[in-house]
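J.: what would the 3D arrangement of this be:
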Amino acid sequence: MAAYPPVSGKPVFRFAPSPNGRLHLGHALSALTNEALARRFDGRLLLRIEDIDLGRCRPEFADAILADLDWLGIRFELPLRRQFEHFDDYIAALASLQARRLVYPCFCSRQEIRAAVVARETETGRPWPTDPDGAPLYPGSCKELDEAEASRRILAGEPHVLRLDMARAMALAGEDPGYEVFDPKGSRGRAPAQPARWGDVVLARKDVPTSYHLAVVVDDALQGVTHVVRGKDLEAATDIHVVLQRLLGLPTPLYHFHKLLIDEDGRKLAKSRSSESLAELRERGVSAAIIRQGLGFD
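T.: A predicted model of the protein is given here:
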């Protein structure tokens, strides 16, 4: 992996959407917040297209992202970074973790994991713990798998993911894997991190040699990002990112988590629920100026 770039003297912000659908008002809020804070702190503003999911991400959506941001009047430094062009960076980071025996292969299907969780609940008579997203923690079915057996299955081409050994990672990362947060006025504070609540997270998928968590940490470092501004729905995931930054010897940026926009049902806007896109708003005559003003960016 390339070295972390030298400090430019300017804060570096980034907006990092995924091209798996059209941008909506929630994305506009995040992009405009990054733009406003970069301007306030005399910083740089970068754009990253997070397209490691080759099955869901599509070139036309990436083009649409650029068109929507241009329509909103947001200007980013070029060149932009497209994740799918940099798998070698993520593989190198993963290799460094593998060399320290911090990851292990897991051959379990989702169905097998669910069955193992049900068996544990039946055995203990208690609900199985879940991560902050509500998914059952991985029960460790493959964690103690014999190394020779694991190698045989990998060489045989059996699909598998690579999981972080969270207990070992925590031991190496130190007792206080917290991070600094900042507000729009520049004040700072310290936030605790609780990586253990995520269990042994996936760092490389069956179909892609990385995961969101690993890729975003590597990208932020390689791009020299100093200030990460994103929605509160990603606040808990920062636990994982802080641990990975420590394990990989990478700087930990400052973080700010902005509010989320919600729909009439009280749920956050999301592509998966077909929230009205910026393109649809534009087609029915809503101007970029109205969007900016409505979101509080005159």
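
J.: pull the residues that contact stretch 44-55.
T.: 8, 10-20, 34-35, 38, 57, 62, 65, 69, 74-77, 80-84, 87, 90, 207-208, 210-212, 215-216, 219, 223, 225 (CB atoms under 8 Å, 6 or more residues apart in numbering). From N, CA and C alone the C-beta is placed, and that goes for glycine too.

J.: now the buried members of those.
T.: With neighbours counted using 16 or more other CB atoms under 10 Å, the contacts of stretch 44-55 contain these buried positions: 11-20, 34-35, 38, 57, 62, 65, 69, 74, 76, 80-84, 90, 208, 210-212, 215-216, 219, 223, 225.

J.: about what we covered before: looking at the contacts of stretch 44-55, which are in strands?
T.: The members of the contacts of stretch 44-55 that map onto strands under DSSP state E are Val12, Phe13, Arg14, Phe15, Glu77, Leu80, Arg81, Arg82.

J.: redo these as JSON lines? Include distance to Pro129.
T.: What follows is those, written out as JSON lines (distance: CB to CB, whole Å):
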{"residue": "Val12", "distance to Pro129": "37"}
{"residue": "Phe13", "distance to Pro129": "35"}
{"residue": "Arg14", "distance to Pro129": "33"}
{"residue": "Phe15", "distance to Pro129": "34"}
{"residue": "Glu77", "distance to Pro129": "43"}
{"residue": "Leu80", "distance to Pro129": "39"}
{"residue": "Arg81", "distance to Pro129": "36"}
{"residue": "Arg82", "distance to Pro129": "37"}
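
J.: ok so, going back, take the contacts of stretch 44-55 and keep only those in helices.
T.: Using DSSP state H, the members of those that fall in helices are Asn34, Glu35, Ala38, Ala62, Ile65, Leu69, Phe87, Tyr90, Tyr212, Ala215, Val216, Asp219.

J.: which ones are touching the last one?
T.: Under the criterion of CB under 8 Å, 6+ apart, the neighbours of Asp219 are Ala16, Arg48, Glu50, Arg81, Gln83, His86, Asp89, Val225.

J.: any chance of these in JSON lines, with distance to Leu295 and pLDDT too?
T.: Formatted as JSON lines, these follow (distance: CB to CB, whole Å; pLDDT from 0 to 100):
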{"residue": "Ala16", "distance to Leu295": "19", "pLDDT": "97"}
{"residue": "Arg48", "distance to Leu295": "21", "pLDDT": "98"}
{"residue": "Glu50", "distance to Leu295": "22", "pLDDT": "97"}
{"residue": "Arg81", "distance to Leu295": "25", "pLDDT": "96"}
{"residue": "Gln83", "distance to Leu295": "27", "pLDDT": "97"}
{"residue": "His86", "distance to Leu295": "31", "pLDDT": "97"}
{"residue": "Asp89", "distance to Leu295": "33", "pLDDT": "97"}
{"residue": "Val225", "distance to Leu295": "23", "pLDDT": "97"}
